[in-house]
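Undergrad: next come a sequence and a model predicted from it.
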Amino acid sequence: MLYQDIYTEKENEEERQILHERMVTVFLPKIDGEERGKDEVVSRKKWEEIMEEIIKMCENGKFSIEAFTERLAGSLVGEEMMRTLSTTNEIINYETDENSNSIKIHIKPSPTEKTSDLLKLIIDGFHKIALDLKNNKNYTKEINNIEMESWLLGPDFEDKIKALFGEGIELEDTHTKDSVEEISNLALLYNQRSLKEFLKSGKTPRIRRLTMSKEDFIKRFG
């Protein structure tokens, strides 16, 4: 694991403590229990117990995928992860915001390694959503806009974003604290390059937001 490699390379305890605190920020972010349901609080505590064990394992140089899998197997957290299903395919999920008459699209962590395979899955998911919009399926209210917030919309992916959405697409930085923290943590959890930079410098990925009209989305992906 990347954290294990970087941590065990450091001999200075102060540097190790900084790395530890950054890792805790990623895997154990603070959540207000009063705003969560009882079941979610219980699940959260189980997750904290597991991740505290994994972080300690890394710091002792004993982490392995086998040990992590064994720790998750049969746990409440593991069962919940297995029940998580995508709406359109294995990486594209979405939710309807009836207050703003919009659809918020989420790109989940990808099981693929090749960028070309990832783009195929993204286009496939967008196509299915566009067809549902075109045929007025699965939506109880009129949808006007499609929205997406992601670290995958950052400057490092500019060429791929324009190839996918068109040269005229407009992006804006996301400034909502909760959104930035949640999406940044997702990037740090699943992108090795982002995690490495964060552990070494404390710099988090840049999160940007994209908005398209329903008509433009259908025209491009339908």
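TA: Alright, I've got the coordinates. Numbers count the residues shown, from 1 in each chain.
Undergrad: in this protein, which helix or strand is least confident?
TA: Counting by mean pLDDT, DSSP states H and E, the chain has its least confident helix or strand at helix 76-83, which shows a mean of 49.
Undergrad: could you dump whichever helix or strand comes after it to PDB, C-alpha only?
TA: Following helix 76-83 in sequence order, the next helix or strand is strand 92-97 (DSSP states H and E). Provided in PDB are the C-alpha atoms of strand 92-97 (Å, rounded to 0.1, in the frame of the first residue of the first chain):
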ATOM      1  CA  ILE A  92     -22.200   5.500 -13.200                       C
ATOM      2  CA  ASN A  93     -24.800   6.300 -10.500                       C
ATOM      3  CA  TYR A  94     -27.200   9.300 -10.200                       C
ATOM      4  CA  GLU A  95     -29.700  10.900  -7.900                       C
ATOM      5  CA  THR A  96     -32.600  13.200  -8.700                       C
ATOM      6  CA  ASP A  97     -32.800  16.500  -6.900                       C
END
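Undergrad: in its sheet, what does strand 92-97 sit against?
TA: With DSSP bridges as the test, strand 92-97 is paired with strand 102-107 (antiparallel).
Undergrad: check which element follows the partner strand along the chain.
TA: Moving toward the C-terminus from strand 102-107, the next helix or strand (DSSP H and E) is helix 115-134.
Undergrad: counting contacts, what elements does that following helix pack onto?
TA: Applying 3 or more CB pairs under 8 Å, 6 or more residues apart in numbering; DSSP states H and E, we find helix 115-134 packed against strand 92-97, strand 102-107, helix 158-165, helix 214-221. For the C-beta atoms, the positions are set from N, CA and C on the backbone; glycine is no exception.
Undergrad: which of these is buried the deepest?
TA: A comparison of these by mean neighbour count, using mean count of other CB atoms under 10 Å, puts strand 102-107 on top with a mean of 19.
Undergrad: report the buried residues of stretch 203-214.
TA: By neighbour count on 16 or more other CB atoms under 10 Å, the buried set for stretch 203-214 is Thr204, Pro205, Arg206, Ile207, Arg208, Arg209, Leu210, Thr211, Met212, Lys214.
Undergrad: actually stretch 104-123, not the one I typed
TA: Of the residues in stretch 104-123, Ile105, His106, Ile107, Lys108, Ser110, Leu118, Leu121, Ile122 count as buried by neighbour count, 16+ other CB under 10 Å.
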